[in-house]
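Trainee: predicted model and sequence below, questions to follow.
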Amino acid sequence: MSDTTDRLGGLLATDQYHLAMAQVYWKEGLADRNAQFDYFFRSYPDYGSHQAGYCVTAGLGWLLDWMESVHIEYEDIELLAGQETTSGRKRFDQGFLGWLAGNGDLSGIRVDAVAEGRVVHANAPIATIRGPLAMAQILETPFLNKLNYPTLIATKAARVEDAARGATVLEFGMRRGPHTGVHAGGRAALIGGADFTSNVALSHAVGLDPKGTHAHSMVQAFIALGGSELDAFRKFAELYPDECILLVDTIDVMGSGVPNAITVFEELRSSGHEAAGIRIDSGDLAYMTLQAAAALDEAGFEETTIVLSSDLDELVIWQILSQLESDAPRYGLDPGALVRRVTFGVGTRLITSHGDPALGGVYKLVAIESDTGRWEPAIKISESIEKMAVPGEKRVLRVYDHRGLANADIIALSDEDPLSDDRVELYHPHRDRHRVLQTVDIADSEDLLSPVFEEGRRRDGEPELAELRKRRRTDLERLDSGVRRLVNPHIYHVSLTKKMKDLQLELVAELGH
């Protein structure tokens, strides 16, 4: 790997203004002053015709791995020393660079976070970051970079998995995603609901078997050299007799593709093997599935899988399955059996989060340690009230009702026990709205933030993919179906306690607003 590639993954993979601010902090003696930043997002993905009512957090494991290993390099210091202002002056003081050379790692940072794979909601902190102000500031951009995109993709995958109603979902997006970001996106898709991925490197990294069929080019190559679609199918089946999935839409799905596939499947069966399935990658997927399933059933291949791909997302999958269920009897097919044999290969629209390609995750200063060692809350006032962060040290509680469903995420002061009274007054983070929750209606509660990084080491137990998926499934099962709805979901309550709301309003008043 080249030095340039190494540097692109190092501590200089941050925005310039963080280094500029870090030098100001150093100059003013504040570089080592402890501060707290919160990471959260302000709104759920809105895909235009449909919207998310929740997110699934992803990316934390790889972020923590990076935080363990990253530190400033000698070459980084040399590069910064070579920067000049427009007037030709050195941009960075040698004293600051000396400080950075000695302090340029993340061993002083503590991160408390919601466990990776869990459902999270707008305006509730997903992570709190505490440590020396300058290094916590430099961490901002890589922190956002390594969490925003994976969370966006895990959320999309969870919605796809919901729409698929238990059908297998394959992640096929490597060729359409953002460069090496497809690895983070693919991993997030696996956390969020995809069962497998076609990405070979990623599959091995997470301990899964990579999945794939073949491309149209294989059939085209045989035809161009004087052969046929049937020849291509036979050669593929010869090499992969026990996992033979044939792409049937290179020429004509029902005119040649499915009949030729059935011929090969019969030959496989006669030699003691069972075909795995067919794949359809174009056209009216629901209509073609019905026709193909009827032909396969008639030929005695009732269990053969039908893999569908081509610009799929949660709404398209929902529409396909709805049509299959309603139209199956007209073709002599059992609706339930037909739905169970379908697999979805989801590519572009998953890996790019089609319709809303960026999560508005932010990283905001909420508290800083004073000269006396007291933590002072900090707040940002904006013309856009939605951009006002929740100040100070805090805890985030999720409360559940007697149905076992999540009722609200409550943001409280760090030393506050909001459930100790008979009733809890809850306030909107930005609006003049409040409601009262009777504690008798709360069956269970949990703190969402726990230590995941401290003293330069991961503290999250380094969970495997299976555990991350289990967390997602558990949280979604405990989320009201209205919030999970694909279109116009119910609003999930994220609320402040009265004490936290009072602190927010007090700081706003002090700033003259």
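Mentor: Sure thing, it's come through. Here the structure is a predicted model, which means the values were calculated and not measured.
Trainee: how near is the residue nearest to residue 402 when sequence neighbours are not counted to residue 423?
Mentor: Closest residue in space to residue 402, ignoring its immediate chain neighbours: residue 443 at 4.6 Å, by Cβ to Cβ, 6 or more residues apart in numbering. Yep, even glycine has a C-beta here, placed from its N, CA and C like the rest. Applying Cβ to Cβ, to the nearest Å, the value for residue 443 to residue 423 is 16 Å.
Trainee: same question, residue 97
Mentor: Distance from residue 97 to residue 423, by Cβ to Cβ: 56 Å.
Trainee: in terms of packing, which of these two has more residues around it?
Mentor: residue 97 (20 against 12; other Cβ atoms under 10 Å).
Trainee: in terms of contact, does that one touch residue 80 like I think?
Mentor: Yes - between residue 97 and residue 80 there is a contact under Cβ atoms under 8 Å: 6.0 Å.
Trainee: any common contacting residues for the two?
Mentor: Common neighbours of residue 97 and residue 80, counting by Cβ atoms under 8 Å, 6 or more residues apart in numbering, are absent.
Trainee: quick one, what contacts residue 414?
Mentor: Contacts of residue 414 (Cβ under 8 Å, 6+ apart): 392, 393, 394, 395.
Trainee: list just the nearest of those residues to residue 302.
Mentor: residue 395 (54.8 Å; Cβ to Cβ).
Trainee: for residue 56, grab phi and psi.
Mentor: Backbone geometry at residue 56, expressed as degrees, to the nearest 10, gives phi -120, psi 120.
Trainee: can you give me the helices in the stretch 301-450 of the chain?
Mentor: 314-327, 335-340, 348-351 (DSSP state H, counting those that start in this stretch).
Trainee: residue 161 sits in which helix or strand?
Mentor: helix 140-164 (DSSP states H and E).
Trainee: mind checking the pLDDT average for that helix?
Mentor: Regarding helix 140-164, the rounded mean pLDDT is 98.
Trainee: now stretch 327-334
Mentor: The average pLDDT for stretch 327-334 rounds to 97.
Trainee: what does it contact?
Mentor: By Cβ under 8 Å, 6+ apart, the surrounding residues in contact with stretch 327-334 are 286, 290, 291, 293, 294, 297, 335, 338.
Trainee: one more time with 7 Å, if that's ok
Mentor: Residues outside stretch 327-334 that contact it (Cβ atoms under 7 Å, 6 or more residues apart in numbering): 290, 293, 294, 297, 335, 338.
Trainee: and stretch 163-170, end to end?
Mentor: Separation of the first and last residues of stretch 163-170 by Cα to Cα, to the nearest Å is 14 Å.
Trainee: in it, which residues are buried?
Mentor: 163, 164, 167, 168, 169, 170 (16 or more other Cβ atoms under 10 Å).
Trainee: go on, stretch 433-450?
Mentor: Within stretch 433-450, the residues that count as buried by 16+ other Cβ under 10 Å are 437, 442, 448, 449.
Trainee: dump those into CSV; add pLDDT and distance to residue 48 as well.
Mentor: Below are the buried residues of stretch 433-450 laid out as CSV (pLDDT from 0 to 100; distance: Cβ to Cβ, whole Å):
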residue, pLDDT, distance to residue 48
437, 93, 34
442, 96, 36
448, 98, 30
449, 98, 33
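Trainee: in strands, which of those fall?
Mentor: Among those, the residues falling in strands (DSSP state E) are residue 437.
Trainee: quick one: distance of the helix holding residue 161 to the chain centre.
Mentor: On the basis of Cα atoms, centre = their mean, to the nearest Å, helix 140-164 sits 2 Å off its chain's mean C-alpha point.
Trainee: helix 314-327 and that one, what's the angle between them?
Mentor: In terms of direction (axes from the mean of the first three to the mean of the last three Cα atoms, to 10 degrees), helix 140-164 departs from helix 314-327 by 10 degrees.
Trainee: which secondary structure elements does helix 140-164 contact?
Mentor: Judged by 3 or more Cβ pairs under 7 Å, 6 or more residues apart in numbering; DSSP states H and E, helix 140-164 is in contact with strand 55-56, helix 60-69, helix 181-192, helix 314-327, helix 348-351, strand 361-369.
Trainee: just the CA trace of stretch 488-504, in CSV.
Mentor: The C-alpha trace of stretch 488-504 is given here as CSV (Å, rounded to 0.1, in the frame of the first residue of the first chain):
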residue,chain,number,x,y,z
ASN,A,488,-45.8,8.2,6.4
PRO,A,489,-44.6,6.4,9.6
HIS,A,490,-45.8,7.5,13.0
ILE,A,491,-43.5,9.9,14.9
TYR,A,492,-41.5,8.3,17.6
HIS,A,493,-41.1,10.5,20.7
VAL,A,494,-37.7,11.8,21.7
SER,A,495,-38.2,14.1,24.6
LEU,A,496,-36.4,16.1,27.2
THR,A,497,-37.1,16.0,30.9
LYS,A,498,-38.2,19.2,32.6
LYS,A,499,-34.8,19.7,34.1
MET,A,500,-33.0,19.3,30.8
LYS,A,501,-35.5,21.6,29.1
ASP,A,502,-35.0,24.2,31.8
LEU,A,503,-31.3,24.1,31.2
GLN,A,504,-31.7,24.5,27.5
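Trainee: quick one: mean pLDDT for that stretch?
Mentor: Mean predicted confidence for stretch 488-504 is 95.
Trainee: check stretch 300-309 too.
Mentor: In this model, stretch 300-309 carries a mean pLDDT of 97.
Trainee: what about residue 413, how many neighbours?
Mentor: For residue 413, the neighbour count with other Cβ under 10 Å is 18.
Trainee: these two touch, right, it and residue 496?
Mentor: No - the pair residue 413 / residue 496 is not scored as a contact, 9.7 Å apart, by Cβ atoms under 7 Å.
Trainee: let me know the closest of the buried residues of stretch 433-450 to residue 49.
Mentor: residue 448 (31.1 Å).
Trainee: correct me if wrong: that closest one contacts residue 395.
Mentor: No - with contact defined as Cβ under 7 Å, residue 448 does not count as touching residue 395 (8.3 Å).
Trainee: what about the closest residue to residue 92 other than its chain neighbours, which SS state?
Mentor: Spatial nearest neighbour of residue 92, chain neighbours left out: residue 80 (5.0 Å); criterion: Cβ to Cβ, 6+ apart. When classified by DSSP: H, G, I helix; E, B strand; the rest coil, residue 80 comes out as helix.
Trainee: next, count neighbours for residue 80.
Mentor: Residue 80: 19 neighbours (other Cβ under 10 Å).
Trainee: again, but for residue 254
Mentor: Neighbours of residue 254 (other Cβ under 10 Å): 15.
Trainee: hmm, back to that, buried members of the contacts of residue 414 into ChimeraX, please.
Mentor: Selecting only the buried entries of the contacts of residue 414 in ChimeraX, with 16+ other Cβ under 10 Å as the criterion:
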select :392,394,395
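Trainee: relative to residue 325, which of the contacts of residue 414 is nearest.
Mentor: residue 395 (45.3 Å).
Trainee: for the closest one, give me its contacts.
Mentor: So residue 395 contacts 412, 414, 447, 449 (Cβ under 7 Å, 6+ apart).
Trainee: per-residue confidence for the third one?
Mentor: Just to be clear, that refers to residue 447. Confidence at residue 447, expressed as pLDDT, is 98.
Trainee: so it touches residue 397, yeah?
Mentor: Yes - Residue 447 lies in contact with residue 397 (Cβ under 7 Å); the separation is 5.9 Å.
Trainee: surely residue 506 is in a helix?
Mentor: Yes - assessed with three-state DSSP, residue 506 lies in a helix.
Trainee: about what we covered before: kindly reformat the contacts of residue 395 as a markdown table containing distance to residue 217.
Mentor: Output for those, formatted as a markdown table (distance: Cβ to Cβ, whole Å):
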| residue | distance to residue 217 |
| --- | --- |
| 412 | 58 |
| 414 | 59 |
| 447 | 53 |
| 449 | 50 |
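Trainee: looking at these, spot the one nearest residue 480.
Mentor: Comparing the contacts of residue 395 against residue 480 with Cβ to Cβ places residue 447 closest, at 21.2 Å.
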